[in-house]
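> sequence and predicted structure below; questions after.
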Amino acid sequence: MIAKPSIAFNDFAGTAKDVTARNVQGRNILSVRAYQSKVCTPAQATTRNQLSRISREYKQLSDSQMQAWEVLASHMKAASSIGNPAEMTAHNAFVRINSNRLLVGKSILRDAPSHISNVPGVVYDEIWVTPSDLIIKGIVHQNDPLKLVIKMSVGMSAGVSSGWSKTVIVSPGIEDDWGDANVRGRYLKVVGFAPAVGDKVFIEMYWLNTDTGFPGESAFASRICVTSEEAEAEGYVKRNKITMDDIKPDSHVSECDVDFSTGAPVISFDTVCLGHSNVASSEAYLEEELPADCVGTSMALARGMGEGNACFAAQSYIIWLRNSSWDGSSITFAHRGGYYVKPTEVFGPGILY
Amino acid sequence: MFNSTGNNFGAGSIQFKDYQASNYVVLNAKFSYDPTNAAYQAADVLEIYVPDLSIDRSAVAGVILTFQDRYVYSSYTWNNDGGTAIKSWIKDKNTICLEKFTNFDDKGEITIFIQALYPMLNQPGNPIKGTRTRINMTQETRYLYWSSDTFCVIFEHWVFLHMQFSSCSYSYRNQPWEAVMGDFPTDVNADVPFLGGSNQYNPSVNGFSLAHVENGVFTCQERMSGFDSTGYDPFIFAFLVRDGEEGNGDVD
């Protein structure tokens, strides 16, 4: 039998079985040893490995580097659920900053960044959650090195009032796409299934300075999943663009971003054409019809991405955008000027006529 | 028309012809830089600093990078000038960015042709449709032949031009070329890169020849050596600002 003293109320420090007590600046802190569940997704395994890797890296720092991290830690506050925030150690600060940096694919920072950080909060217009759309609209853009981190929960009962502790990172650090952050694909990859109509989804968002690893203030929100029709009735306007999610698998493009939302006499292309059947063209077969005013012909610039002869050749492509009652809707990228190369990247504005 | 206020690759002042609307800009400029310049070598992205533009960022557009590469054999000069498309975008109201494409840095001076439309995205409304106008290329003695994809789309302040070469009568292949561009606006004056032709010494890209459009007349003084090779169809792709119609304005 283990004698369990009232360690929370005495000036006591030590470990009894899995419980550790320590006194930090007059506060008694009890912690229970954490064990790995051993069951984890590949993403969780990567994260766990990263934390131990960062910890190991800390031990390799020079004395002056550790001192700099101590100075930084003295300016940082740890979270607390009982009032005053707890003090951070240099090691804590090192792990926090560098886990944020690794999250966005940056290397471990050995020299402590300045504690002066001016990361703005996330300003946005609306969040729309439907079974087919998960999108934050009207985000006020921030330039590099700020990236947006978005955490979301699975769909919960509409009666749950606080589910932010159940959120997981669905976007580790993205740039908004002209004010939009469409995270449905990322959400499905992480969570595995879309929310159902009536489910409540909790969302936390913040900008992360990917150079210093400092996050900004979080914006918290929750939305109940509604039908697409309900969302449209409430003012959701779907952006008019074609991506890989909108084309059929037998298409001849490996990347596709055809954006009609220019309000100008051009369409914006960013598409990789693979070619097929010894024909100097590639088709993207669409799941849905094109809007009538986007049907027409376009002409855009391209550059080869191939190997060997003329691998970087500039080319011009004529692009037919059509709805056909016979074989459906499609976008055909047909080679015109320059040497034909497979694959080729068709990019930039294409005049529409 | 405006001048750049600086750049990070040692190119000196760059003069732009411009048409600026609230949701896109059309910019025309031609300038050169020396790839051995220390500033160029230190840059990851080439940046041109400009006075306030009407838009504060843009989607990617394409501009043309060209270089000269000539070999002299006794009395004959083998012209292997080449070029390709590189990416360009507006980063903020005062910065135009160019992809740093280093493959031809050993060729000496690089010349860039910006003849691009830079659009914004997520704007209200779908694209506005223009009208295709076939360019009727005429000559007193016809020796130049053009593909049916030689056309323009004319707007009040600028014009989109696509020309595609088909063939030339044998006796004129080394002569200076000139042709009247019927139905093309006469208020466009620009050097335009003519990309195409097999490039024997620089096989990763097409050849480059320089053409000129002025007062509705197309001219091309000389072509690179593999210009009329089969399958390398020379073409011109340009968004060109019309003279006297520059400056700020509304969407056409």
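Yep, that arrived. Because the structure is predicted, anything quoted here is derived from the model rather than measured.
> helices of chain B, residue ranges please.
B:38-42 (DSSP state H).
> in it, what residue is nearest chain A?
Closest contact between chain B and chain A, by C-beta to the nearest C-beta, is at B:Phe235 (2.5 Å). Bear in mind the C-beta positions are built from the backbone N, C-alpha and C, glycine included.
> show me what that residue is bridged to.
B:Phe235 forms beta bridges with B:Gln164, B:Leu195, as assigned by DSSP bridges.
> would you mind giving me the confidence score for residue 135?
Assuming you mean chain A. At A:Ile135, the predicted lDDT confidence score is 94.
> nope, chain B
With respect to pLDDT, B:Ile135 scores 98.
> now B:Phe180. Nearest residue, chain neighbours left out?
For residue B:180 the amino acid is Val, not Phe. The shortest distance from B:Val180 to any non-neighbouring residue, by C-beta to C-beta, 6 or more residues apart in numbering or on different chains, is to B:Thr138 (4.8 Å).
> so who does the one you found touch?
B:179-180, B:182 (C-beta atoms under 8 Å, 6 or more residues apart in numbering or on different chains).
> does the residue of chain B closest to chain A touch A:Ile318 like I think?
No. B:Phe235 lies out of contact with A:Ile318 (C-beta atoms under 8 Å); the separation is 11.0 Å.
> restricted to buried residues, select the contacts of B:Thr138 in PyMOL.
The PyMOL selection below is limited to those of these classed as buried (16 or more other C-beta atoms under 10 Å in any protein chain shown):
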select buried, chain B and resi 179
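> in strands, which of the contacts of B:Thr138 fall?
Taking DSSP state E, the ones among these that sit in strands are B:179-180, B:182.
> could you single out the nearest of the residues you listed to B:Thr111?
Among the ones in strands among the contacts of B:Thr138, B:Ala179 lies closest to B:Thr111 (C-beta to C-beta), at 24.0 Å.
> so that closest one touches B:Val213, yeah?
No. The pair B:Ala179 / B:Val213 is not scored as a contact, 10.4 Å apart, by C-beta under 8 Å.
> between B:Phe235 and A:Ile318, who's got more neighbours?
Between B:Phe235 and A:Ile318, counted using other C-beta atoms under 10 Å in any protein chain shown, the more crowded position is B:Phe235 (24 against 19).
> care to break the chain down by domain?
Here I'm looking at chain A. Domains of chain A are assigned by automatic domain parsing as A:37-113, A:126-233, A:241-352.
> actually, chain B is the one I wanted.
Chain B breaks down by automatic domain parsing into domains covering B:2-119, B:132-244.
> and the longest one, anywhere near chain A?
The reference is to domain B:2-119. Yes. Interface with chain A: domain B:2-119 contributes B:21, B:23-24, B:57, B:59-62, B:64, B:83-87, B:91-92, B:103, B:116-119 (C-beta under 8 Å from any C-beta of the partner chain).
> show me those that map onto strands.
Using DSSP E, B:24, B:61-62, B:64, B:83-87, B:91-92, B:116-119 are the members of the residues of domain B:2-119 next to chain A that sit in strands.
> which residue comes closest to the residue nearest the centre of chain A once chain neighbours are left out?
In chain A, the residue lying closest to the centroid (C-alpha atoms, centre = their mean) is A:Ser171, at 2.1 Å. Spatial nearest neighbour of A:Ser171, excluding adjacent residues (C-beta to C-beta, 6+ apart): A:Ile150 at 4.2 Å.
> which element is the one you found on?
Element membership for A:Ile150, per DSSP states H and E: strand A:146-152.
> that older thread, what separation do you get for the residue of chain B closest to chain A and A:Ser298?
Shown here: B:Phe235 relative to A:Ser298, a distance of 15 Å by C-beta to C-beta, to the nearest Å.
> and whatever residue of the stretch 101-250 of chain A ends up closest to chain B, how many neighbours does it have?
Nearest residue of the stretch 101-250 of chain A to chain B, counting by C-beta to the nearest C-beta: A:Trp178, 3.6 Å away. Applying other C-beta under 10 Å, we find 18 residues neighbouring A:Trp178.
> pLDDT score for the closest residue to it other than its chain neighbours?
Nearest residue to A:Trp178, sequence neighbours excluded (C-beta to C-beta, 6+ apart): B:Asn122, at 3.6 Å. For B:Asn122, the pLDDT comes out at 94.
> surely B:Asn122 meets A:Ser261?
Yes. Using C-beta under 8 Å, B:Asn122 is in contact with A:Ser261, at 5.1 Å.
> which one's more surrounded, those two?
A direct count of neighbours by other C-beta under 10 Å for B:Asn122 and A:Ser261 places A:Ser261 higher, at 23 against 19.
> low-confidence ranges in the stretch 1-150 of chain A?
A:1-12, A:36-44, A:77-86 (pLDDT under 70).
> could I get the full set of helices for it?
Counting by DSSP state H, counting those that start in this stretch, the stretch 1-150 of chain A has helices at residues A:42-59, A:63-75, A:90-103.
> try the stretch 151-300 of chain A
A:184-191, A:228-233.
> find the closest residue to chain B in the stretch 251-353 of chain A.
Counting by C-beta to the nearest C-beta, the stretch 251-353 of chain A gets nearest chain B through A:Gly337, at 2.5 Å.
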